[in-house]
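In: Compute the structure for the input listed below.
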Amino acid sequence: MKAAQINNYGSADELFVGELAVPEIANDEVLVHAKATSINPIDWKAREGLMQKMFAWQFPVVLGWDVAGIITAVGSEVKDFKVGDAVFARPDIYNDGRRGTYAQYVAVKEDKLALKPANVSFAEAASVPLAGLTALQMLNKLQVTAGTKVLIQGGAGGVGLFAIQLAKIMGATVATTASAHNHDFVRALGADIVIDYHQNKITDVLADYDAVFDTVGDIDGGLAILQPEGKLVTITKQPTSEQLAAAQTVIYGWLQPNGKELAYLGELLSSGQLKTVIDSTFDLTTAGIQAAHRKSESHHARGKIIINID
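Out: Here you go, the predicted model:
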């Protein structure tokens, strides 16, 4: 099968598309013939070697943690899915480093799978798992409910665009940070208050907020607008000891793949309550995957970057 790989950590130039064996599936896994995957910042951070302390991968490494496609084989213990089902998933991160989703075939455990709604394209479905589940799980950690005032730092990013919409579905008042050219974009997603971080400090606009979802690494800025009983969750870096000692609750969040939660997001997509935003699409070629990574690294993408697999 074709798969985008790296043989060394480094720049986007390390990515190339070559042949690898189709993964063998365990009894609780299915084999998905991938139609699309998407790029997330964690992909190029892993490509640069920033996850080596967490995962001792052996080269060649196949990156990617979003997939949408059609099941072509099922393990003997799989009960709820069958060959021919259209599905999407954020698979587990395997220790060998060779089962990423930049590939024509992907092994996925049954409990990480969700059926793809018929009225949602493979590209749209592939844009959701990592970013959408991260947004949902972090908002739940913040206990966002009706009446909560929540700041989402970085609303135009892949996680932020889902977080704004989900927080509004939960009944929250949503403030977000975004550059001036993204203000209309994040307002269309449901943001009530938009702050141009180039022009204003968030402390000049907000105070006494209940919750902050940090996707950009500004923990101190988030803490500054929280009420004493407030909560902050960050997905960008480990909080310092000083930040953890603040009066407010500070949490470092890490996504846990979950098929049932993904199915819920699929229902929201199918009903039109949640929408995906696709910035650009590339093919699974060496030039395509390198260009997709460079686009993501530029921080100029508005929405998700999709890779057409097949």
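
In: Run through the residues that contact the spatially most central residue of the chain.
Out: Closest to where the C-alpha atoms of the chain average out (CA atoms, centre = their mean) is Ala131, at 2.1 Å. Shown in contact with Ala131 (CB atoms under 8 Å, 6 or more residues apart in numbering): Ser38, Asn40, Gly158, Val159, Leu161, Phe162, Lys304. C-betas here are computed from N, CA, C, even on glycine.

In: repeat that for 10 Å
Out: Neighbouring residues of Ala131 by CB atoms under 10 Å, 6 or more residues apart in numbering: 38, 40-41, 66, 90, 157-163, 215, 255, 265, 276, 303-304.

In: Can you flag which of the residues you listed belong to strands?
Out: Among the contacts of Ala131, the members found in strands (DSSP state E) are Ser38, Lys304.

In: Of the contacts of Ala131, which count as buried by neighbour count?
Out: Buried positions within these, assessed by neighbour count (16 or more other CB atoms under 10 Å), are 38, 40-41, 66, 90, 157-163, 215, 255, 265, 276, 303-304.

In: returning to that earlier point: please report how far the residue lying closest to the residue nearest to the centre of the chain once chain neighbours are set aside lies from Tyr102.
Out: Counting by CB to CB, 6 or more residues apart in numbering, Ala131 lies nearest to Gly158, which is 4.2 Å off, once chain neighbours are set aside. For Gly158, the distance to Tyr102 equals 16 Å [CB to CB, to the nearest Å].

In: And for Ala34?
Out: Counting by CB to CB, the gap from Ala34 to Tyr102 is 9 Å.

In: Now the common contact residues for those two.
Out: By CB under 10 Å, 6+ apart, the residues touching both Ala34 and Tyr102 are Lys2, Ala3, Gly64, Asp66, Val67, Leu284, Ile307, Ile309.

In: PyMOL command for the buried members of those residues?
Out: Selection command for PyMOL covering only the buried members of the shared contacts of Ala34 and Tyr102, criterion 16+ other CB under 10 Å:
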select buried, resi 2+3+64+66+67+284+307+309
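
In: Filter the shared contacts of Ala34 and Tyr102 down to just the ones in strands.
Out: Using DSSP E, the shared contacts of Ala34 and Tyr102 in strands are Lys2, Ala3, Val67, Ile307.
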